[in-house]
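Participant: Provided below are the primary sequence and the corresponding predicted coordinates.
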Amino acid sequence: MKILIKNAQIVNEGKIIKSDILIENDLISKIDSQISEDADQIIDAEGKYLLPGVIDDQVHFREPGLTHKGDIESESRAAIAGGTTSFIEQPNTVPNAVTQELLADKYEIASQKSFANYGFMMGGTNDNLEEVLKTNPRNVPGIKLFLGSSTGNMLVDNPETLENIFSNTKMLIAVHCEDEATIRANTQKYLDEYGEDIPVKFHHLIRSEEACYKSSSKAVELAKKTGARLHVFHLSTAKEMELFRNDIPLKDKKITAEVCVHHLTFTNEDYDTKGGLIKWNPAVKTQNDKDALWEALLDDRIDVIATDHAPHTWEEKQNVYTKCPSGAPLVQHSLVVMLENYKNGKISLERIVEKMAHNPAILFRIEKRGFVKVGYKADLVLVDLNEKWTVEKENILYKCGWSPLEGMSFQSKVTHTFVNGNLVYENGKVNEEKFGERLLFEVEE
């Protein structure tokens with residue numbers, strides 16, 4: 001199968017060039033200002049921008065065990081509609097993916113059901129070091145540790161266990177950092193005052209800056225001590241930015257950082273209108289925190305942008321504070337949110353591509369993805385930067401059927417998505433055939 005894309009503005013490796021691009025089977029075979037080969041399909045991309053597909057390094061697609069909220073099929077369909085062609089999913093499904101067998105089960109499901117390329121993190125607990133060490137770095141992206149409890153029972157709080165995991169694996173260790181004791185004490189204070197129905201506007205004071213910093217600084221300290229490769233997920237505070245560096249290239253960093261779209265978009269001021277819909281762990285915090293995250297993103301202390309896509313049903317989200325689960329769906333909208341920030345002058349197209357495609361590929365050492373290069377997998381997205389649309393129930397593809405962005409209008413739209421050389425999404429229509437593949441990772445000898 002040959003697909004020829006003509007007249008695209010290709011955004012890749014810090015440059016934008018007008019070019020044609022030829023896809024043969026699953027690979028990019030030629031990039032040239034003028035390609036006139038015969039092809040099975042020709043797409044004229046005049047006026048559109050061609051980006052490498054987004055690689056989202058942190059999603060919760062809820063399968064197995066929580067499929068009333070979302071599943072690999074529904075959420076990967078939403079992903080490709082939003083220009084995300086590869087995802088890395090987290091282990092806090094039910095049962096938690098904390099044995100090689102349970103991890104293999106998830107890969108088996110995805111091989112049948114995923115529209116996008118997939119990787120699944122192996123979960124660490126207080127007592128599964130032996131299982132963790134069996135993980136194959138060639139086809140599993142890393143080890144995930146919850147250093148503050150989130151969904152599921154995966155809190156790793158035994159210092160000896162942590163040191164063991166950090167000392168014994170060469171694989172990337174990704175962490176959720178919030179200090180459990182701090183959160184419990186803060187929660188009790190508000191429970192004493194308000195009972196179960198704590199106003200959600202206090203969420204960022206309960207899951208506070210102190211809770212985040214205490215945990216992330218410890219993780220960074222442990223990584224420095226043991227030489228482990230540490231990736232800190234969903235940073236949310238100004239204070240944590242001092243833990244990360246920007247004086248060496250990403251490929252040489254042992255300690256890396258991620259920010260999520262929601263922490264770049266909302267602040268605690270939005271709790272008044274959005275309520276529990278924007279209740280995330282870690283919490284959306286102040287304008288000052290948001291500004292600091294942007295600054296660190298643009299000066300390269302923060303390496304990647306992700307979503308922490310975590311759907312819950314509308315009914316679950318209407319519960320009182322103590323029973324309202326944290327998390328929201330975002331994978332269909334992350335790219336257009338960032339393109340809106342481009343339109344508003346906050347970030348360049350080249351930097352969006354760097355933080356959402358190139359850098360996740362470099363950081364996780366993903367083989368042959370994340371760039372528009374000859375010989376690389378043809379995971380590509382065409383966007384129209386001048387097509388206005390609004391997020392509404394009818395165009396939301398998440399199984400849960402809602403979005404915290406509902407009612408918001410965007411000036412850019414994803415028009416075409418290619419996964420492994422196949423046109424999987426075109427102008428609002430998903431090709432129901434599934435072409436997602438298991439991600440592979442380059443292993444250091």
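Facilitator: Yep, that arrived. Numbering: from 1, shown residues only.

Participant: got the confidence number for T151?
Facilitator: T151 carries a pLDDT value of 50.

Participant: quote the end-to-end distance of stretch 185-202.
Facilitator: The distance separating the two terminal residues of stretch 185-202, taken as Cα to Cα, to the nearest Å, comes to 14 Å.

Participant: which residues touch it?
Facilitator: For stretch 185-202, the surrounding residues in contact (Cβ atoms under 8 Å, 6 or more residues apart in numbering) are 205-208, 211, 268, 271-272, 275-276, 279, 320-324. (C-beta placed from N, C-alpha, C; glycine too.)

Participant: those: which two are farthest apart?
Facilitator: Of all pairs drawn from those, the greatest distance, 22.5 Å, lies between A211 and D272 (Cβ to Cβ).

Participant: before we move on, the earlier item: may I see the PyMOL selection of the buried members of the contacts of stretch 185-202?
Facilitator: Typed into PyMOL, the line below selects the buried ones among the contacts of stretch 185-202, using 16 or more other Cβ atoms under 10 Å:
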select buried, resi 205+206+207+208+211+268+271+275+276+279+321+324
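
Participant: what about the helices in the stretch 101-250 of the chain?
Facilitator: Secondary structure of the stretch 101-250 of the chain (DSSP state H, counting those that start in this stretch): helices located at 129-133, 159-168, 180-194, 203-206, 209-226.

Participant: can you pull the buried residues of stretch 329-343?
Facilitator: For stretch 329-343, a neighbour-count test (16+ other Cβ under 10 Å) marks 329-342 as buried.

Participant: picking up where we left off before, ok, the contacts of stretch 185-202 vs E444, which is closest?
Facilitator: Using Cβ to Cβ, A211 is the member of these that lies nearest E444, at 34.2 Å.

Participant: which one of the helices of the stretch 101-250 of the chain is the most hemmed in?
Facilitator: Mean neighbour counts were compared across the helices of the stretch 101-250 of the chain using mean count of other Cβ atoms under 10 Å; the top stretch is helix 203-206, at a mean of 21.

Participant: which of the buried residues of stretch 329-343 fall in helices?
Facilitator: Restricting the buried residues of stretch 329-343 to those inside helices, with DSSP state H as the criterion, leaves 334-342.

Participant: now those in JSON lines, with distance to Q287 and pLDDT?
Facilitator: Formatted as JSON lines, the entries for those read as follows, by distance: Cβ to Cβ, whole Å; pLDDT from 0 to 100:
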{"residue": "S334", "distance to Q287": "21", "pLDDT": "98"}
{"residue": "L335", "distance to Q287": "24", "pLDDT": "98"}
{"residue": "V336", "distance to Q287": "23", "pLDDT": "98"}
{"residue": "V337", "distance to Q287": "17", "pLDDT": "98"}
{"residue": "M338", "distance to Q287": "19", "pLDDT": "98"}
{"residue": "L339", "distance to Q287": "22", "pLDDT": "98"}
{"residue": "E340", "distance to Q287": "18", "pLDDT": "98"}
{"residue": "N341", "distance to Q287": "15", "pLDDT": "98"}
{"residue": "Y342", "distance to Q287": "21", "pLDDT": "98"}
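
Participant: let's have those in CSV, adding distance to C400.
Facilitator: Output for those, formatted as CSV (distance: Cβ to Cβ, whole Å):
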residue, distance to C400
S334, 16
L335, 20
V336, 19
V337, 18
M338, 22
L339, 24
E340, 23
N341, 25
Y342, 28
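
Participant: number of residues surrounding N246?
Facilitator: Using other Cβ atoms under 10 Å, N246 is surrounded by 15 other residues.

Participant: what sits against it?
Facilitator: With contacts defined as Cβ under 8 Å, 6+ apart, the neighbours of N246 are 299-301.

Participant: cool, K144 as well?
Facilitator: Applying Cβ under 8 Å, 6+ apart, one finds that K144 lies in contact with 90-91, 121-124, 173-176.

Participant: closest one of the residues you listed to G407?
Facilitator: Scanning the contacts of K144 for proximity to G407, where the rule is Cβ to Cβ, the winner is Q90, at 28.5 Å.

Participant: touching, the closest one and M122? I think so.
Facilitator: No - in this structure, Q90 sits apart from M122 without contact. The criterion is Cβ atoms under 8 Å, and the distance is 10.3 Å.

Participant: near A45, how many other residues are there?
Facilitator: A45, neighbours per other Cβ under 10 Å, totals 22.

Participant: that one is in contact with N7, isn't it?
Facilitator: Yes - with the criterion set as Cβ under 8 Å, A45 and N7 qualify as a contacting pair; they are 5.5 Å apart.

Participant: where does this structure have its least confident helix or strand?
Facilitator: The helix or strand with the lowest mean pLDDT-type score in the chain, counting by mean pLDDT, DSSP states H and E, is helix 159-168 (a mean of 93).

Participant: tell me the one among the ones in helices among the buried residues of stretch 329-343 nearest to F418.
Facilitator: Taking Cβ to Cβ as the measure, F418 lies nearest L335 of those, at 14.2 Å.

Participant: contact partners for the closest one?
Facilitator: 54, 82-84, 352, 356, 381, 383, 414.

Participant: do that again at 6 Å, thanks
Facilitator: L335 makes contact with 54, 82-83 under the criterion Cβ atoms under 6 Å, 6 or more residues apart in numbering.

Participant: in TSV: these, plus neighbour count.
Facilitator: Putting these into TSV (neighbours: other Cβ atoms under 10 Å) gives the following:
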residue	neighbour count
V54	32
G82	24
G83	31
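
Participant: G375: which of the residues you listed is nearest?
Facilitator: Closest to G375, out of all of the contacts of L335 and judged by Cβ to Cβ, is V54, at 20.4 Å.

Participant: look up the closest residue to the closest one, ignoring the ones flanking it.
Facilitator: Across the structure, with Cβ to Cβ, 6 or more residues apart in numbering as the measure, the residue nearest V54 apart from its sequence neighbours is T84 (4.2 Å).

Participant: low pLDDT regions in this structure?
Facilitator: In the predicted model of the chain, residues 149-153, 445 satisfy pLDDT under 70.

Participant: hmm, try it at 90
Facilitator: Low-confidence regions of the chain, defined here as pLDDT under 90, cover residues 147-159, 444-445.

Participant: quick check: the gap between L243 and I305.
Facilitator: According to Cβ to Cβ, to the nearest Å, L243 and I305 sit 18 Å apart.

Participant: these two: which is more packed in?
Facilitator: For the pair L243 and I305, the greater number of neighbours falls to I305 (28 against 18), based on other Cβ under 10 Å.

Participant: SS state for the more buried one?
Facilitator: Recorded secondary structure, I305: strand (DSSP: H, G, I helix; E, B strand; the rest coil).

Participant: count of neighbours near the closest residue in space to it that isn't next to it in sequence?
Facilitator: The spatial neighbour of I305 that comes closest, neighbours along the chain excluded (Cβ to Cβ, 6+ apart), is K355 at 4.5 Å. If you count neighbours by other Cβ under 10 Å, K355 ends up with 23.
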